[in-house]
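J.: take this sequence and fold it.
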Amino acid sequence: MKIGCLHRKQIRHTEAGQAMLWTLVGMGVFLLGSMAFAIDLSYLWFDRQSAQTAADAACTAGAMDLLVDATNGLTTQGGFTAGTAFNCPTASTTIAPCAYANLNGFNSSLTQASANAGTIGNNVYIDFPASVPGVTTPPATVAPTAFMRVTVTSNVPTFFAAMLKGLTKQSIRAVAVCGVSQSAAPIPLLVLDPVNPTSKTSAFDIQGNPSVTIYGGPQQSIQVNSANAAAASVGGSALVDLSQGGPNNNGSSMGVTGGPTTPPTIPSNFNPGTNGQWMSPKAPLADPLQNVLSPTTAGLPGPYPGDTTTTGGGKLKNPGAFNIAFPPPGGWIPDGSGGCSAKGGGQCAVFLPGNYTNGICLGNSCGSGGGTAQYAVFQEGLYYMGGVGLELLADSCVRMANPVGSGTYKGWGGVMFYFSGTATLNVDSNSGNTTSGCDSAQTYNTATGNPTSFGVSCDSNSATHVPSNLPATLNGNVLLAPCTGTWGDPYLATSLTPPSNPGTQRGILFFQDRSATAVASAAGGGGTYAMAGTFYFHSCNSTSIAGTNGTGCSVPTATPPTYYSNSLTMTGNSGGSAYILGEIITDNLNLGGGGTIYMDLNPSSALNVLKAALYQ
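T.: Numbering: from 1, shown residues only. Sure thing, here's the model as predicted:
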């Protein structure tokens, strides 16, 4: 009996040991399986993250190409045709989004069919959705192809999972969606020509000894779209001073699509302040006014044919000097009344809005002999200029008149000059001087106006909304763009609530016919003068509505180009100061002369510009 009992105990111990052994074996297998799956899942998670990074990078690069396409009116800036879906070639280095996917480890070694069939490797596929949820699609005239989608498919081998479940590979997919959309943003001084220099020194050219000071505005003060390596040139003893630019007046940046990639000598030529920099290469900005319609002569008074007794067009003679073929539409007013500033007690011609088929010329050198009109005031409204355009020659002086008391243009608060065809702006460096032009006793009050209701701001709180760098009074020419109306302040023109600070901006002051090419405009002046409003001098080959808008404007292919070929030359006068309050949008910009040119840019978000973004 004793022996039998011991035998049964041994049996029970043996059975318990075996059960424990199998339990340990089972737990070991479970733990090994868990570790295997953990290793495989970690590998798959890492590959999934890498694929998403590659998709994001590729899409971001592609969005920048779509932005350049929209800006230049092309579809092939990134080495692909926007709007046509495609698979990235293997290890592509020439197609921008494919190159960035390749740099991030996904070389598109498979065709899309092979990737879908599960072949080990990866595929990068790019297509162009018509819309993106939650994103407003910009007009096709602004961005024909607005959105891009990058899909990265990666088929990777598994390791432990293959031994445990027979699963030898796993498919991973990452998707990124990006593109361009419109958003309201402050506009910097913008030079649009995408190819110069081809026929000149550079698209942005400042020489001599002017001091160009940007005050306020967005964080980027200047953008030069030319892709040429010599797109921007700052030479001689000229100075581009951005130290007071930006929303906090502590410095702002200059962007150049081409070059030079390093800024001019600091601080002798370029001063970005404490919060600015030179940015090159920098993606171009599209024309923010491309959808603004040009005016027509419909409903305008006139045409005013000009003085037919002298050579040229639009020349006025003072009373008593010669027979008057064309008295000014609003007659004559004496110095000191109605805004008139006429040296030596002279008289000012009063101009009313209308169609000036031969343009307007003021100054001693306008007509043959003496007696030509030098001084003028302009009533608020639209001036449709032909012929010589607006010529303010030596010894002329122009100011704003009292607001129109009645009629179509009541309440505009300013003027817009539209230059039809090759008519354009020409302001002599001695216009507005106080020696023989403007009466130094008749200064313009920048806060309250003289005699108009407002000063340089459209806001009734002008006293607090005048830029702090602007003098309290000006002794030279003063022209102000409209506050309201189609070409007025973008807020007031669309019945939106304007920002309360730093005051409501003015609209377009000078608008060049987009169908004209190679038009050279000049804005100078003596004394201390101000022109408040947008300068817009852009040549476009658009045929969508000839001469009416700028949509569809494509990058030039000719050398020199026949469009994007307008230029604006701005000069200061030694001992004087020029104040430009508003945006400058032109194909090419030249700055020269002496003295100081102040450009006060508006920091308010008012105009739509295209921006590239990664959405998902």
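
J.: quick check: residue 48 is in a helix.
T.: Yes - Residue 48 sits within a helix when classified using DSSP: H, G, I helix; E, B strand; the rest coil.

J.: ok, residue 93 - contacts?
T.: 99, 102 (C-beta atoms under 8 Å, 6 or more residues apart in numbering). Any C-beta I mention is one placed from the backbone N, CA and C, and that applies to glycine too.

J.: would you say it is within a helix?
T.: No - counting by three-state DSSP, residue 93 is not part of a helix but coil.

J.: contacting residues for residue 206?
T.: Taking C-beta under 8 Å, 6+ apart, we find residue 206 in contact with 212, 233-235, 238, 240, 590-592.

J.: among these, which ones are buried?
T.: 212, 233-234, 238, 240, 590-592 (16 or more other C-beta atoms under 10 Å).

J.: got JSON lines for the residues you listed, with secondary structure too?
T.: What follows is the buried ones among the contacts of residue 206, written out as JSON lines (three-state DSSP):
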{"residue": "212", "secondary structure": "strand"}
{"residue": "233", "secondary structure": "strand"}
{"residue": "234", "secondary structure": "strand"}
{"residue": "238", "secondary structure": "coil"}
{"residue": "240", "secondary structure": "strand"}
{"residue": "590", "secondary structure": "strand"}
{"residue": "591", "secondary structure": "strand"}
{"residue": "592", "secondary structure": "strand"}
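
J.: and the helices in this protein?
T.: For the chain, the helices defined by DSSP state H occupy 2-72, 96-103, 112-117, 160-165, 462-465, 490-493.

J.: nearest to residue 272, of the buried ones among the contacts of residue 206?
T.: residue 240 (8.8 Å; C-beta to C-beta).

J.: check contacts around that closest one.
T.: Residue 240 touches 206, 212, 214, 222, 234, 254, 264, 269-271, counting by C-beta under 8 Å, 6+ apart.

J.: again with residue 509
T.: Counted by C-beta under 8 Å, 6+ apart, residue 509 has contacts 414-417, 479-481, 531-535, 582.

J.: about what we covered before: ok, so of the contacts of residue 240, who is nearest residue 505?
T.: Using C-beta to C-beta, residue 214 is the member of these that lies nearest residue 505, at 15.6 Å.

J.: hey, what's the closest one bridged with?
T.: residue 599 (DSSP bridges).

J.: right, and it touches residue 251 too?
T.: No - Residue 214 is beyond contact range of residue 251, at 9.9 Å (criterion: C-beta atoms under 8 Å).

J.: which residues do the two both contact?
T.: Joint contacts of residue 214 and residue 251 (C-beta under 8 Å, 6+ apart) are 242, 244-245.

J.: redo those as CSV? Include distance to residue 139 and pLDDT.
T.: Formatted as CSV, the shared contacts of residue 214 and residue 251 follow (distance: C-beta to C-beta, whole Å; pLDDT from 0 to 100):
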residue, distance to residue 139, pLDDT
242, 33, 91
244, 36, 90
245, 31, 89
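
J.: which residues of the stretch 451-600 of the chain score low on pLDDT?
T.: Residue ranges of the stretch 451-600 of the chain with pLDDT under 70: 451-454, 459-465, 490-504, 541-561, 572-576, 594-595.

J.: what are the ranges of the strands in it?
T.: 473-474, 478-480, 508-512, 520-523, 528-532, 534-537, 567-572, 577-581, 584-586, 588-593, 596-601 (DSSP state E, counting those that start in this stretch).

J.: export those strands to a markdown table and tack on distance to residue 180?
T.: Below are the strands of the stretch 451-600 of the chain laid out as a markdown table (distance: least, C-beta to C-beta, whole Å):
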| stretch | distance to residue 180 |
| --- | --- |
| strand 473-474 | 41 |
| strand 478-480 | 34 |
| strand 508-512 | 25 |
| strand 520-523 | 31 |
| strand 528-532 | 31 |
| strand 534-537 | 22 |
| strand 567-572 | 27 |
| strand 577-581 | 30 |
| strand 584-586 | 19 |
| strand 588-593 | 25 |
| strand 596-601 | 23 |
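
J.: to residue 421, which of the ones you listed lies closest?
T.: strand 508-512 (9.7 Å).
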